[in-house]
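**Student:** Structural data only, the sequence is not supplied:
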């Protein structure tokens, strides 16, 4: 009796909230190649009502509708690009988890490379400044030091070299 | 009464931070010993006061005191004891109180154990720490008071978000917060150095153990969070590039860079200005992460609070601390002297390369996380930036970095020899090649990138081991003396090896689990069997069950290999009654380093049910690698030279040098 009540309660609750699982078996296409393409596409499409979830991961009913839609378009013979274009025309660019490369997303895509190049340039400049400084020192100092001073300096430098290693 | 006591302690702590903000700083600037001496005892008192606050809130939770608004909103009398306890920080107010608790804990640590710090640096550091603490206590008191009462207490609470009712929650946020907030001390050290206009090798030596400690906990916290998402959210994914995950990942990337640049500063007095800047950046990113999560700008599982007033307040704190510290930096940094020249090919050069790639990666993640918000604010266009974007932009930056990792520790300081370094790595290179070819042979040409990824992981792991083996000339001097020398190596040398090895282990887990995962999605009736990666998974049936504050449907599955029983798994679908919220509990069985992952979906009537079965090869290595990395940090912290911290007298240093130089 208790178990029955519990089952009834559970069924009632699950009908009430019905958590549809991501990619249900009835959605899966018979053609494995098409299905693989559908899965790959789904991973790049956003579930519009979720927080940062692809329709491939999401349990939401809307995500299920989109998954079915993607599969329908693929079965109808659309290429991957056509499916994406179709969804963007219907839902806007918001549906893409990987934004298209365009003017308004230029900085988004370029941020990593720009940071890398800027860093390289900064390091290059610093190195050049350093070597200039060292050259200056090299060309200017001998004239000011006597031979004896030079020797003492070298001895000191050697010593500090030894101390610094380790 | 206890609740009021907690509230009172919090207010008192705020008043004390005001004292701490000014007196020691003034003392440090004017050289007044008495004023500087205020800092350590006040830092300890602050810790005790916040602890009283925290304990008071905990008692309110444990006794289910529904006259406290925070408890009403986030607890339930039928909730298991452990979740009543962890629920204290499973909500906005409580988690911010935990934030402050850790903040003052680190302050107290410096106050108590910072005996060998110069007085003025210690006083200034604690003062800066008090600025941060004061800001956050004010935030708590003004916008998110955890001790607010309700006039008419209800009989029952609203329960904790069921997704958070898990042992993972007990561990994940405190670990993460110790990491996040631990960088506050590094930040305070950096700002104090700027205020005093002095940074030197000794400064880096004091800062490094704190950075290591924070980094160690942040690494564990992120790994724990990832594993929690993996088994609790039921999709079998372990990293989603969710903005909230990115919020913890950015300080990790910056902190990793900081860890490495501080080595250069400590050993060679170079990269000073950059190290100070990184210390400021790292904590700024922690603050930014707090803002992103707490303000509700990005809503997700983690954002329990979506209140604009709070967002504006944290934004204010953010602008004040980041803006203030960067302005101070712009003003004072040019006064810091640069030291230590080095050639591009050298240990320093390698560490600069590390910093370059980590910073670029951090920038890519930063822009990817915030760009949609900025674009929406500026043009009103809505775009999404998700996992496929990050994989494409972040991944390529990691490859050159990982390729370079084994070279770094082998190159000599100042001027290194790339050819000589390569000769010490030929075994590692050979191993990487063998594993790459082996993976090709196993899987054929269908996945071209995966074997290369395996090779890269092996290269990093074997490279780390080669470094230490060739360093002690293990094979030249024979195993007996070799082991003796290995044991005698300083902790920081072991730290490097262990941490780098951990990186390789994590990479291996990521590559194999994402490339070679097998998946079956089926509707199963009782008695049905599916096969995945050589394992037969049989569905025996499902039955309802009642938990303390939920009802669930539990499936029973038997897993066999070639007819031999491997294990039985009971994944379930739960509905938490108080909030009417469903969750999935995955069934996971670990075989070696791999896992079988079962998750139940919709019921189809007459006992049939949708089931997802995965075989995830070597997936546990992802988290094991992270644990190894943090172990590396522990080794490094155990290094005597860091533990002592202060510069040693010249005579002792001389005798210590030869051993370290080997």
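**Tutor:** Received it, and whenever you're ready, just let me know what you need. Predicted, not measured: the structure shown is a model, and the values here were computed from it.
**Student:** For chain A, which segments count as helices?
**Tutor:** With DSSP state H as the criterion, chain A has helices at A:2-17, A:32-42, A:61-75, A:80-91, A:106-144, A:147-164.
**Student:** Figure out how far the fourth one is from the centre of its chain.
**Tutor:** Just to be clear, that refers to helix A:80-91. 22 Å (CA atoms, centre = their mean, to the nearest Å).
**Student:** so what does it touch, helix or strand wise?
**Tutor:** Packed against helix A:80-91 by the contact rule (3 or more CB pairs under 8 Å, 6 or more residues apart in numbering or on different chains; DSSP states H and E) you find helix A:32-42, helix A:61-75. Where you see a C-beta, it was placed from the backbone N, CA and C, and this is true even at glycine.
**Student:** and what of the fifth one?
**Tutor:** With contacts defined as 3+ CB pairs under 8 Å, 6+ apart, helix A:106-144 has these neighbours: helix B:347-379, helix B:387-404.
**Student:** Can you mark which positions in the helix or strand where residue B:195 lies are buried?
**Tutor:** Element membership for residue B:195 (DSSP states H and E) is helix B:167-196. Buried residues in helix B:167-196, counting neighbours by 16 or more other CB atoms under 10 Å in any protein chain shown, are found at B:168-196.
**Student:** Distance from stretch B:182-200 to the middle of the chain?
**Tutor:** Centroid displacement of stretch B:182-200 relative to its chain, using CA atoms, centre = their mean, is 22 Å.
**Student:** and that stretch with chain A, contact?
**Tutor:** No - using CB under 8 Å from any CB of the partner chain as the criterion, no contacts between stretch B:182-200 and chain A are found, and the smallest distance is 14.0 Å.
**Student:** per-residue confidence at the residue of chain A most remote from its centre?
**Tutor:** When distances to the mean C-alpha position of chain A are computed (CA atoms, centre = their mean), the maximum falls on residue A:148, with 61.3 Å. At residue A:148, the model reports a pLDDT of 76.
**Student:** quick one: the residue positioned nearest the centre of chain A from chain B, how far?
**Tutor:** If you average the C-alpha coordinates of chain A and look for the closest C-alpha using CA atoms, centre = their mean, you land on residue A:98, 8.9 Å from that point. With the distance defined as CB to the nearest CB, to the nearest Å, residue A:98 ends up 4 Å from chain B.
**Student:** Identify the residues contacting that residue.
**Tutor:** Residue A:98 sits next to A:44, B:385-386, B:388-389, B:392 when contact means CB atoms under 8 Å, 6 or more residues apart in numbering or on different chains.
**Student:** at 6 Å what do you get?
**Tutor:** Contacts here follow CB atoms under 6 Å, 6 or more residues apart in numbering or on different chains; on that basis residue A:98 touches A:44, B:388-389.
**Student:** Can you give me the domain boundaries for chain A?
**Tutor:** With domains defined by automatic domain parsing, chain A comprises A:15-100, A:105-164.
**Student:** Residues touching the helix or strand hosting residue B:318, excluding its own?
**Tutor:** For residue B:318, the element it lies in under DSSP H and E is helix B:308-318. Judged by CB under 6 Å, 6+ apart, the contacts made with helix B:308-318 from elsewhere in the structure are B:135, B:139, B:143, B:287, B:291, B:294-295.
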